[in-house]
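Participant: I'll drop the sequence and a predicted model, then ask my questions.
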Amino acid sequence: MNLTITKTTAPKTKPEIAALGFGRHFSDHMLVVDYETSAGWHDARIVPYAPFSLDPAAMVFHYAQEAFEGLKAYPTDDGSIQLFRPQENFKRFNKSCERLCMAKIDEDFALESLKELLRIDADWVPRGKGTSLYIRPFIIATDPFLGVRASQRYIYSVILSPVGAYYPEGLNPVKIIIEVEDVRAVRGGTGAAKIGGNYAGTIRAQVRAQEKGYTQVLWLDAVERKYIEEVGTMHMFFQIGNEIVTPSLDGTILEGITRDSVIHMLHAWGHTVIERKISIDELHEALQNGQLKEAFGTGTAAAISPVGQLSYQGVDYAVNAGKTGEIAAKLYDTLTGIQWGRIVDPYGWTIRV
Ligand SMILES: *Cc1c(COP(=O)(O)O)cnc(C)c1O
């Protein structure tokens, strides 16, 4: 596909590193590609970052036919930029599209056009320690139609947001509350797809958790309210005794790329990692008898997020005395080392832009 480029004539002032935060600032350009059933994908273009003009009846506004991805461009010490397993993001993106009957993208074109966009906005990759350029590919249904069916028109777009260090003061354990009222996904539903529609219903529990002083909620399965699923935008790992366990992918949780990378690294280091169902009762018991040695989350935003406190049915339990565990710390150092190009990538996960 042909890609046209229109550069901005009014570059924006870049935010200070200290003011970055997450997802609040956007770069000078964006990628936009149109789709309609009769013509396929066409008019791929990199244009100045600007609002879309959409019909108020556009289907995405009413029935949430939308999918997205999240990955990062990492600045390296030698001044270049690298991506971490981006092909996995586009593969997953297409799985999400398939689940919602949306047009799939060409994964090679998605990667090539992303690289082009990154080259154009290369000076938007912040150069502070732990900072990165967050990449948000997404697809929306744009048919102006109020009947419920698959749209015949879509927009695929990629926007870029410079983000600050997730842990500006070093790795810091978070407090998690186990949600017992609301649920996130059921088997047969869309929990395994990365789509906006999965998120709106989770905000209530998140608000309640934050009001009580917790960072995020840990979801239980929707049927038995018994098995651990995932946390907000992270997958969970627990060290119970000498085993590291993580919930298996049974159709209600996303195939996390960080999750997969962590399983690979743990295996390479000789740990036993088991993907299986983990009941809240097992976790509760392990919390009480001291067998739960570490708990941590994995995801693109934070890489590794140690859990220092777990709250269940009104009781707070400290995990590893509220401190970052050894495994979480080693994973964090190695994974972020690979991502920012500070250490050799033995897995072939990174690519230079
Ligand atoms: C994106 C996301 C994650 C993290 O997945 P990574 O591929 O590791 O970034 C976890 N849970 C949900 C619900 C997500 O949307």
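Facilitator: Looks like it came in fine. All figures in this text were calculated on a predicted structure; none of them were measured in a lab.
Participant: drop to CA atoms for contacts and neighbour counts, all remaining ones
Facilitator: Will do.
Participant: how about the residue in this protein that sits furthest from its center?
Facilitator: residue 289 (33.1 Å; Cα atoms, centre = their mean).
Participant: okay, that one: pLDDT?
Facilitator: Residue 289 carries a pLDDT value of 91.
Participant: which parts of the host helix or strand of residue 113 are buried?
Facilitator: Secondary structure from DSSP states H and E places residue 113 in helix 107-120. In terms of neighbour count (16 or more other Cα atoms under 10 Å), helix 107-120 has its buried residues at 107, 110-111, 113-118, 120.
Participant: what helices or strands is it leaning on?
Facilitator: strand 29-36, helix 86-99 (3 or more Cα pairs under 8 Å, 6 or more residues apart in numbering; DSSP states H and E).
Participant: helix, strand, or coil at the residue nearest to residue 101 when sequence neighbours are not counted?
Facilitator: Distances taken as Cα to Cα, 6 or more residues apart in numbering place residue 150 nearest to residue 101, at 6.1 Å, with adjacent residues excluded. Of the three states, residue 150 takes coil under DSSP: H, G, I helix; E, B strand; the rest coil.
Participant: got it, and residue 209?
Facilitator: helix.
Participant: who's in contact with it?
Facilitator: 177, 215-217 (Cα atoms under 8 Å, 6 or more residues apart in numbering).
Participant: show the buried residues in the residues you listed.
Facilitator: 177, 215-217.
Participant: need these in CSV (columns: distance to residue 231).
Facilitator: Shown next, in CSV, are the buried ones among the contacts of residue 209 (distance: Cα to Cα, whole Å):
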residue, distance to residue 231
177, 9
215, 10
216, 7
217, 6
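Participant: just the residues you listed: which are in strands?
Facilitator: 177, 216-217 (DSSP state E).
Participant: now do the helices in this protein.
Facilitator: 59-63, 86-99, 107-120, 203-211, 257-268, 280-288, 326-339 (DSSP state H).
Participant: not counting sequence-adjacent ones, nearest residue to the closest residue to the ligand within the stretch 1-150 of the chain?
Facilitator: With Cα to the nearest ligand atom, the shortest gap between the stretch 1-150 of the chain and the ligand falls at residue 70, namely 6.2 Å. Excluding the flanking residues, the one nearest residue 70 by Cα to Cα, 6+ apart is residue 136, at 5.1 Å.
Participant: run through the bridge partners of that neighbour.
Facilitator: On the basis of DSSP bridges, residue 136 is bridged to residue 159.
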